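A.B. asks: can't give you the sequence, but here's the structure:
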């Protein structure tokens, strides 16, 4: 029996301008007679009810009547928007029992294997914001230690079911995904127009940068609008065979978005959760053929071929189960791909490749062609590995560039400031020699220090790659920034470590 | 290198009247140029610095200038008090790297056994509020699945070291602890005066109720002040050989207090963490001889003797390691002990037993004497199990009552309203028969519904125990409340289920 609140007076809803991220938070007065806030003791969970609407939220208590008075219930921004009831309306507030599915989480903590329906209930509660941050962490951590293959499948399925599910009236819907970590590497923006120009359907959604200096969505935003809703995205794909949209508005796997937002601050990174996360979005996106790019290198996310092989098997296992044809390729992740790092600089690389400019980065062009070829090979009309030749043909003929402009027009013009940073500095080689290594992590961090991705035009333009000979004082790369203090911090950081390993003395044979 | 904030402008500290429980929380304006709040994306972690002072906190973002302006840094209550710098002072705020010890937590999640120094670093960071709630949950959950005996010892040791450590200049310092769950059962308040009257040192600290209708600290507070600081507690023990203080101000295991505050909302309850929690406090309290009461019963925390036996072994293992003589007794946990449930009602029971009143509850008296006897047997002067006779002598002679008054005087007068609830209702037996069971969980919940422990005088007075014959309509117990709506809710709850199992028809043999 719910012995709480049935007879309690109600509180008046009030919007409180606090951004509490993904978590629902409400604020009540310590003097609120209705609630006896003493019993809640700081952070606790409450249930809000109005008519048939219910919301679970974490409770904060205030002594500040100007924020929330004794008869009021303050709803922080996310809670206010999700509850979606007008300010001033009366809301019943009671202590909340934890969601029933938390029993399964506790079982998992004790080492029990969860059933598909238990995992389904957890993901449903998660996706409906019924879990507190701590409860989300409990689920993540309990399943981070060990997950059976059955649990992995159930998790992937439940996450795909929890959000928007796209259907395409096509026998082949291709997609590609890279696990990230390599600066530059904006291949999707070249692959999509090539594949779409050929006539295959490729409804690509991408993420924004979380800890990197640019995500594909950030870079595409330099050229076009990316915050498409589901219907807009469908229209673009109908018109152009493909799109380059931000995944955030499409809501393909809301549970995954929530899980990621807790994984990130805890720096949890397990293979199973990564696979469930990616595959659930591809399932929901209606993909039939998926290409996965796993860069391997000393400063990449995967540092050995063995690690990459294990991950590949997991992707293939899940793909097989759900009937998605998954192809996993391991690529060179020893250094950045392309010359630009940061949204505007990367967009310049992409457009240079598509326009067949003489100065376009060859590594980005070549990698994009190879990956596009894998996707084109799924077209039964292209026999015996003709995909590569076709991809090159579409690129060199300008068909891909034309398709890119069509996609940009369909998505709408960019509203961002896209000029390059006005504060620039060239970072010189400290010695003569040959570039033997480039630290991807360090260059990513450096590009973020310059202001990317918030300042679209901030970042790094690389002049030297592995194997290149350099002379002392010759620039390795150029920094771009707008903000003076960020510029100075970035320059100072390069004086400690350029991120480049240079072997000397140089010999005639050192050039590749 | 810390590339953030070195050159950033500082923000003006401002106190924000938000009670965020144990967690440090700060609020900044979305328009704060200094911080570029976009990069923080809602809940995230920041580091506050002023001179040599550092505080880690979770970040909230606001659009409300009246709460926190663009040049200001709002500190919610706990953060404001812990940072302990004046409002208006300038504070440097930078994104915070997670504490280094979180690497060990991630190792534990992946199944690694932690070293004593890793566990020490985790507990040190925890005790200094450097972990977010999610990070605390990560540690708890990773160690809830499995903990080696070495990890258990290291955890106990680290938690004991993290707070106040009491030293007593005595060869024998006794203590007792009950794992809780049984309504009433206020034996400590009888045991302490008996043992102290005998001359043994018993510096007892107790907790307040968290989910129960009364903790020993709540009940003692009806009779005396309980929020003693360390020095006050030492003075009382010097004067009286014992005390009955609230543990909250003594700070014996701050890390444990923090862990419990996260365990509770997650309803995590593992044996190892319970043992580390209890034993760390006893170690810090300087106890040499510890008696642990494990009530066993169908609605108690332990439902089988086997479970209790496993827990007993864990307590003995840790006690042996740290040189504390631990005695574990399993007791009858089938029903409440004493007649009162709720602070004032329980205090009446305690004083009735100490005063040798004819109507004093015999079960509470008998259990207290038995437990006190175990402790007195540690006195070398009492040979061959003379403890029980000595305990009874001290009780019956009035020496224990006198000692209790001495302790009450030393701790200072109660400042609580301690009269019984004015709204009362007798709950009748629905049928003739014999009481065959009492649901401890249900009576605890019912007593909380009446308003206990917030209303000291709210609660339940029990008239019938297991084995008692009842006639239909005869009162099983009486409810006491002050608040009309709580009273009505409690009465309504008893109509659904009294919490009593009554077997009928009654026979002459049914009485025990």
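C.D. replies: Arrived safely, thanks for sending. Note that the coordinates shown come from a computational prediction; the quantities given were computed from them, not determined experimentally.
A.B. asks: point out the residues in the stretch 401-512 of chain A that sit beside chain B.
C.D. replies: Contact residues of the stretch 401-512 of chain A with respect to chain B, defined by Cβ under 8 Å from any Cβ of the partner chain, are listed as A:445, A:449, A:454, A:485, A:488, A:489, A:490, A:492, A:493, A:496. C-beta here means a position set from N, CA and C on the backbone, and glycine is covered the same way.
A.B. asks: would you list the residues you listed in JSON lines and tack on neighbour count and secondary structure?
C.D. replies: Compiled in JSON lines, these are given as follows (neighbours: other Cβ atoms under 10 Å in any protein chain shown; DSSP: H, G, I helix; E, B strand; the rest coil):
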{"residue": "A:445", "neighbour count": "19", "secondary structure": "helix"}
{"residue": "A:449", "neighbour count": "25", "secondary structure": "helix"}
{"residue": "A:454", "neighbour count": "17", "secondary structure": "coil"}
{"residue": "A:485", "neighbour count": "15", "secondary structure": "helix"}
{"residue": "A:488", "neighbour count": "16", "secondary structure": "helix"}
{"residue": "A:489", "neighbour count": "23", "secondary structure": "helix"}
{"residue": "A:490", "neighbour count": "28", "secondary structure": "helix"}
{"residue": "A:492", "neighbour count": "14", "secondary structure": "helix"}
{"residue": "A:493", "neighbour count": "21", "secondary structure": "helix"}
{"residue": "A:496", "neighbour count": "9", "secondary structure": "helix"}
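A.B. asks: and the two most separated of the residues you listed?
C.D. replies: Comparing all pairs in these by Cβ to Cβ, the longest separation belongs to A:454 and A:496, at 23.3 Å.
A.B. asks: which strands or helices does the helix or strand containing residue A:157 pack on?
C.D. replies: Here residue A:157 sits within helix A:149-161, counting by DSSP states H and E. Taking 3 or more Cβ pairs under 8 Å, 6 or more residues apart in numbering or on different chains; DSSP states H and E as the contact definition, the neighbouring helices and strands of helix A:149-161 are helix A:116-127, helix A:254-266, helix A:271-284, helix A:305-322.
A.B. asks: try 10 Å this time
C.D. replies: Here helix A:149-161 is seen to pack against helix A:116-127, helix A:133-145, helix A:254-266, helix A:271-284, helix A:305-322 when contacts are counted using 3 or more Cβ pairs under 10 Å, 6 or more residues apart in numbering or on different chains; DSSP states H and E.
A.B. asks: mind putting these into TSV with mean neighbour count, mean pLDDT and distance to residue A:371?
C.D. replies: Below are those laid out as TSV (neighbours: other Cβ atoms under 10 Å in any protein chain shown; pLDDT from 0 to 100; distance: least, Cβ to Cβ, whole Å):
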stretch	mean neighbour count	mean pLDDT	distance to residue A:371
helix A:116-127	21	96	31
helix A:133-145	25	89	30
helix A:254-266	22	84	24
helix A:271-284	23	94	16
helix A:305-322	17	96	15
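A.B. asks: burial of the spatially closest residue to residue A:504 that is not a sequence neighbour, as a residue count?
C.D. replies: Excluding the flanking residues, the one nearest residue A:504 by Cβ to Cβ, 6 or more residues apart in numbering or on different chains is residue A:433, at 3.1 Å. Neighbourhood size, residue A:433 [other Cβ atoms under 10 Å in any protein chain shown]: 21.
A.B. asks: now do residue A:433, the pLDDT please.
C.D. replies: For residue A:433, the pLDDT comes out at 95.
A.B. asks: do the same with the one 5 residues further on
C.D. replies: Each residue has a pLDDT score; the one for residue A:438 is 97.
A.B. asks: how much space between the nearest residue to it once chain neighbours are set aside and chain B?
C.D. replies: Ranked by Cβ to Cβ, 6+ apart and with sequence neighbours excluded, the top spatial neighbour of residue A:438 is residue A:335, at 4.1 Å. According to Cβ to the nearest Cβ, to the nearest Å, residue A:335 and chain B sit 21 Å apart.
A.B. asks: a helix runs through residue A:335, doesn't it?
C.D. replies: No: residue assignment for residue A:335, taken from DSSP: H, G, I helix; E, B strand; the rest coil, gives coil, which places it outside any helix.
A.B. asks: ok, now which ones touch it?
C.D. replies: Listed by Cβ atoms under 10 Å, 6 or more residues apart in numbering or on different chains, the contact partners of residue A:335 are A:182-184, A:295, A:297-300, A:363, A:435, A:437-440, A:443, A:462, A:464-467, A:500.
A.B. asks: report all helices and strands that the helix or strand of chain A with the lowest mean pLDDT contacts.
C.D. replies: Taking mean pLDDT, DSSP states H and E as the measure, helix A:254-266 is the helix or strand of chain A with the lowest mean score, a mean of 84. Counting contacts by 3+ Cβ pairs under 10 Å, 6+ apart, helix A:254-266 packs against helix A:116-127, helix A:133-145, helix A:149-161, helix A:271-284, strand B:44-50, helix B:102-109, helix B:133-145.
A.B. asks: out of those, flag the one nearest residue B:123.
C.D. replies: Closest approach to residue B:123 among the helices and strands packed on helix A:254-266 is made by helix B:133-145 (9.1 Å; Cβ to Cβ).
A.B. asks: the closest one and chain A, are they touching?
C.D. replies: Yes: shown here: helix B:133-145 in contact with chain A (Cβ under 10 Å from any Cβ of the partner chain) through B:133, B:134, B:135, B:136, B:137, B:138, B:139, B:140, B:141, B:142, B:144, B:145.
A.B. asks: one step back: just the buried ones from the contacts of residue A:335, in PyMOL syntax?
C.D. replies: Selection command for PyMOL covering only the buried members of these, criterion 16 or more other Cβ atoms under 10 Å in any protein chain shown:
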select buried, chain A and resi 182+183+184+295+297+299+300+363+435+437+438+439+440+443+462+464+465+466+500
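A.B. asks: taking the contacts of residue A:335 one by one, which sit in strands?
C.D. replies: Counting by DSSP state E, the contacts of residue A:335 place A:295, A:435, A:437, A:438, A:462, A:500 in strands.
A.B. asks: who's in contact with the residue nearest to the third one when sequence neighbours are not counted?
C.D. replies: Spelled out, it's residue A:437. For residue A:437, ignoring the flanking residues on the chain, the nearest one in space by Cβ to Cβ, 6+ apart is residue A:501 at 3.7 Å. With Cβ under 10 Å, 6+ apart as the criterion, the residues that contact residue A:501 are A:433, A:434, A:435, A:436, A:437, A:438, A:439, A:466.
A.B. asks: distance of residue A:501 from residue A:434?
C.D. replies: For residue A:501, the distance to residue A:434 (Cβ to Cβ, to the nearest Å) stands at 10 Å.
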